[in-house]
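**Student:** here is a sequence with its predicted model. Questions after.
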Amino acid sequence: MKIFFRYQTFRFIWLTKPIGRRFHKSHQLGAPLTLADFEAINRCERSLPKNFNFAGDVLDQWSQKEKTGERPANPALWWVNGKGDEVKWSFGELGSLSRKAANVLTKPCGLERGDRVAVILPRIPEWWLINVACMRTGLVFMPGTTQLTAKDILYRLHASKAKCIVASEEVIPAVESIVSECPDLKTKLLVSPHSQDGWLSFPELFQTASAEHSCVETGSQEPMAIYFTSGTTGSPKMAQHSQSSLGIGYTLCGRYWLDLKSTDIIWNMSDTGWIKAAIGSVFSSWLQGACVFVHRMAQFDTNTFLDTLTTYPITTLCSAPTVYRMLVQKDLKRYKFKKLRHCLTGGEPLNPEVLEQWKVQTGLELYEGYGQTEVGIICANQKGQEIKPGSMGKGVLPYDVQIIDENGNILPPGKEGEIALRLTSTRPFCFFSEYVDNPEKTAATIRGNFYVTGDRGVMDSDGYFWFVGRADDVIISSGYRIGPFEVESALIEHPAVIESAVVSSPDPVRGEVVKAFVVLSAPFKSSNPEKLTLELQDHVKKSTAPYKYPRKVEFVKELPKTITGKIKRNVLRDHEWGRT
Ligand SMILES: Nc1ncnc2c1ncn2[C@@H]1O[C@H](COP(=O)(O)OP(=O)(O)OP(=O)(O)O)[C@@H](O)[C@H]1O
């Protein structure tokens, strides 16, 4: 943790020095953009400015507000590692430190505006520094999780033609094993107190870098970041986002779904490699001036998690459904969370049973959001809105969310179809710009006047959306269409089931039938499998329409998941159908 102490020492020197460029000049002819302007853009009541840069137009404005006392004395970033180390940066400090980091990227690393930078770092403060430094210099930030294998890294470096990789020590062996196959990669920058042959040392360069840096005037539509999708259904795709799609597009999400104000402290548990980290731990939060809380936690641990919520004044929690599924197995009533008031989830369907148990045990609602790397948040249960357990909430601005058929016709409430976003003559500014180097896949997302998500769902007469499954995951048995999520949600109501994945399985009579892979809770692990299978089948028949019950049940120790923790139903399905 030495490097963090070094940063903290700098902190005091910098606070007494004038900061390089105090105000970004992209709007120098008019007044600086305000939060109200960003909201108006999200509501399509105002057009995008020609230039926009999140660091200059948002972060540096919060830094000004700190100086004038218009923002509470709340850190912008609060990092802990559970071992007593802590970093707290104000927006002013984040500004100074990220200017130094920007100088490291442009000078010794020799990177130029538009170059792509792969950033594979765990949850350490440098991830945020490098992220903001890329914004200041116009570099295209491409995050990846440290769980990536050598093959995954090679895929990403090849596909993106990245000029630089910024990585932590644990990633070195994987990078070294494939680097000879990456001719475009010019620079390897190591974030570690130790040095390594062939790698530039970030802490060393940072120490001597100047804090004077002029933020580049990026165009609103200029590329800002490339996110690789989770790869739940195939190879990850490179979704490219612009300065404004990320930097402005999450304003309403931060205010109404995350319900953030500048006095709030949000703990978003997403891994740094996924867009959810950007949504909850950078854009939505910092647009609202809130404090981003980070726990280094290398691996999820329920005790550490619960201790953190009881120790720190975290007001807002965002985590995957899997985490809540694990937490409700505990006796949560024993814990008194310090300040927690708003809880969120997304990325996967949330079973109504888990929502109910969370509420009973903590007294707090769980606000689910539904979205995609490509287009951000599509539906959400926003603060103040009645929650219908099992629903993903209503469509969120600026999107017009509809359920359509295979010909692009809008279906009425209650009819199942594909979840789609209606397009006007111009592409919504908060959309991804494209799948890089893949015009066919980019074009395939459009059907008539709609962007198609590839997910199936239903809208009810109140405008709430209900997830059925990914289009590929829907099971057709004896002519009935069965969504896996509904069966999984019925199964999890049974005390024997911690988690399940429901897929199609071949059947000589019905063509395909429902098969459930079930992870058992501890007290049921030694149950008689035949008896338990019958009990679970009976339970599903009572809890949902009987034709949906799993005709086949297999008990497994764990389910195959993506690195993001999403269940890979396609792996189980391919196995059933002998495709592996
Ligand atoms: N609240 C939710 N309920 C149900 N499913 C969700 C929810 N939020 C997200 N999803 C699922 O996650 C998908 C978006 O995830 P992401 O952008 O990470 O890529 P992916 O679709 O998992 O990966 P790939 O496109 O590479 O297969 C959605 O299309 C949907 O299937």
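**Tutor:** In hand now; what should we look at?
**Student:** contacts, neighbours, all on C-alpha from now
**Tutor:** Will do.
**Student:** what's the distance between F429 and V171?
**Tutor:** Using C-alpha to C-alpha, to the nearest Å, F429 is found at 35 Å from V171.
**Student:** next up, the contacts around T345.
**Tutor:** 318-321, 366-369 (C-alpha atoms under 8 Å, 6 or more residues apart in numbering).
**Student:** residues contacting the strand or helix carrying L97, please?
**Tutor:** For L97, the element it lies in under DSSP states H and E is helix 91-106. With contacts defined as C-alpha under 8 Å, 6+ apart, helix 91-106 is touched by 11, 14-15, 19-20, 59-60, 62-64, 66, 75-76, 111-112, 129-130, 132-134, 136-137, 202, 205-206, 209-213.
**Student:** next secondary structure after that helix?
**Tutor:** strand 116-120.
**Student:** hmm, who's touching that following strand?
**Tutor:** So strand 116-120 is in contact with 127, 139-146, 157, 160-168, 171, 273, going by C-alpha under 8 Å, 6+ apart.
**Student:** give me the more crowded residue out of F429 and V171.
**Tutor:** F429 (24 against 21; other C-alpha atoms under 10 Å).
**Student:** helix/strand/coil for that one?
**Tutor:** What DSSP: H, G, I helix; E, B strand; the rest coil gives for F429 is coil.
**Student:** distance-wise, check it relative to Y451.
**Tutor:** Taken as C-alpha to C-alpha, the span from F429 to Y451 is 13 Å.
**Student:** low-confidence regions, the stretch 301-450 of the chain specifically.
**Tutor:** Low-confidence segments of the stretch 301-450 of the chain, defined by pLDDT under 70: none present.
**Student:** tell me who's in contact with F293.
**Tutor:** By C-alpha under 8 Å, 6+ apart, the neighbours of F293 are 77-79, 265-268, 281, 314.
**Student:** in the stretch 401-550 of the chain, which spans are strands?
**Tutor:** 401-404, 417-422, 434-435, 446-447, 450-459, 464-470, 475-477, 480-482, 497-507, 511-520 (DSSP state E, counting those that start in this stretch).
**Student:** again, but for the stretch 151-300 of the chain
**Tutor:** Going by DSSP E, counting those that start in this stretch, the stretch 151-300 of the chain shows strands at 164-168, 187-191, 200-201, 223-228, 238-242, 265-268, 291-295.
**Student:** could the contacts of F293 go into a markdown table alongside distance to the ligand and neighbour count?
**Tutor:** Converted to a markdown table, those look like this (distance: C-alpha to the nearest ligand atom, whole Å; neighbours: other C-alpha atoms under 10 Å):
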| residue | distance to the ligand | neighbour count |
| --- | --- | --- |
| L77 | 25 | 24 |
| W78 | 26 | 20 |
| W79 | 25 | 19 |
| I265 | 23 | 28 |
| I266 | 19 | 27 |
| W267 | 18 | 24 |
| N268 | 15 | 26 |
| S281 | 16 | 25 |
| I314 | 23 | 22 |
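**Student:** just put these in JSON lines and tack on distance to H342.
**Tutor:** JSON lines is the format used below for the contacts of F293 (distance: C-alpha to C-alpha, whole Å):
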{"residue": "L77", "distance to H342": "19"}
{"residue": "W78", "distance to H342": "18"}
{"residue": "W79", "distance to H342": "20"}
{"residue": "I265", "distance to H342": "11"}
{"residue": "I266", "distance to H342": "9"}
{"residue": "W267", "distance to H342": "11"}
{"residue": "N268", "distance to H342": "12"}
{"residue": "S281", "distance to H342": "15"}
{"residue": "I314", "distance to H342": "10"}
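**Student:** pull the most distant pair out of the residues you listed.
**Tutor:** Longest distance between any two of the contacts of F293 is 13.3 Å, between S281 and I314; criterion C-alpha to C-alpha.
**Student:** so which bits of the stretch 301-450 of the chain are right by the ligand?
**Tutor:** Counting by C-alpha under 6 Å from any ligand atom, the stretch 301-450 of the chain comes close to the ligand at 346-349, 368-373, 392.
**Student:** thinking again about what came up before, tabulate the strands of the stretch 401-550 of the chain (JSON lines), appending mean neighbour count and distance to L35.
**Tutor:** Shown next, in JSON lines, are the strands of the stretch 401-550 of the chain (neighbours: other C-alpha atoms under 10 Å; distance: least, C-alpha to C-alpha, whole Å):
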{"stretch": "strand 401-404", "mean neighbour count": "24", "distance to L35": "25"}
{"stretch": "strand 417-422", "mean neighbour count": "25", "distance to L35": "25"}
{"stretch": "strand 434-435", "mean neighbour count": "20", "distance to L35": "27"}
{"stretch": "strand 446-447", "mean neighbour count": "18", "distance to L35": "31"}
{"stretch": "strand 450-459", "mean neighbour count": "21", "distance to L35": "28"}
{"stretch": "strand 464-470", "mean neighbour count": "23", "distance to L35": "28"}
{"stretch": "strand 475-477", "mean neighbour count": "20", "distance to L35": "45"}
{"stretch": "strand 480-482", "mean neighbour count": "16", "distance to L35": "44"}
{"stretch": "strand 497-507", "mean neighbour count": "22", "distance to L35": "41"}
{"stretch": "strand 511-520", "mean neighbour count": "22", "distance to L35": "46"}
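**Student:** how far away is R341 from T316?
**Tutor:** Taking C-alpha to C-alpha, one finds R341 at 6 Å from T316.
**Student:** between the two, which is the more surrounded one?
**Tutor:** T316 (22 against 15).
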